[in-house]
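S.K.: Just need the structure, nothing else, for what follows:
(one chain, ligands or ions: 1)
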Amino acid sequence: MAQDITVKITDREGITHEVQAPTDMNMNIMELVRAYELVPEGTIGICGGMAMCASCQCYVLNDVSLPEKNPDEEAMLWEAFNVKENSRLGCQIHITEDIDGLEIELAPFE
Ligand code: FES
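M.R.: This next block holds a predicted model:
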């Protein structure tokens with residue numbers, strides 16, 4: 001049976017939330033943030049998870065190994081604001097057992 005994993009998410013106010021994420025619902029990190037309502041409605045996931053808006057940008061804080069960026073994610077991060085070395089798009093990070101313990105901080109919303 002699929003296990004839930006734990007993800008630590010620091011919201012845009014600087015508050016850290018430790019949340020449980022299901023691995024069997026085909027969710028990504030952007031959808032997880034929405035499910036727990038960690039940011040106001042309409043400030044994340046604007047493109048619906050197509051790697052086209054960067055509203056789901058987050059900074060990866062620990063060394064949980066994530067899949068490589070795909071070309072769409074690379075291209076969007078090239079154009080986005082507030083991009084750092086450890087920036088990723090939350091909608092491109094799928095929730096799997098491999099990312100258990102991931103810690104991220106949400107980037108500011110532009
Ligand atoms: S939701 Fe638009 S880029 Fe992730």
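S.K.: What residues sit buried inside the longest helix belonging to the chain?
M.R.: Scanning the chain for the helix with the most residues, using DSSP state H, yields helix 71-79. Buried residues in helix 71-79, counted by 16 or more other C-beta atoms under 10 Å: 73, 76-77. C-beta: built from backbone N, CA, C; applies to glycine.
S.K.: Need those residues in CSV (columns: distance to residue 44 and pLDDT).
M.R.: Listed next are the buried residues of helix 71-79 as CSV, based on distance: C-beta to C-beta, whole Å; pLDDT from 0 to 100:
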residue, distance to residue 44, pLDDT
73, 16, 98
76, 14, 98
77, 16, 98
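S.K.: ok, residues contacting the longest helix of the chain?
M.R.: 50-54, 57, 69, 83, 87-89, 92 (C-beta atoms under 8 Å, 6 or more residues apart in numbering).
S.K.: out of these, which is most surrounded?
M.R.: Within the contacts of helix 71-79, most neighbours by other C-beta atoms under 10 Å means residue 89, with 29 neighbours.
S.K.: Surely it touches residue 51?
M.R.: Yes: between residue 89 and residue 51 there is a contact at 5.6 Å, judged by C-beta atoms under 8 Å.
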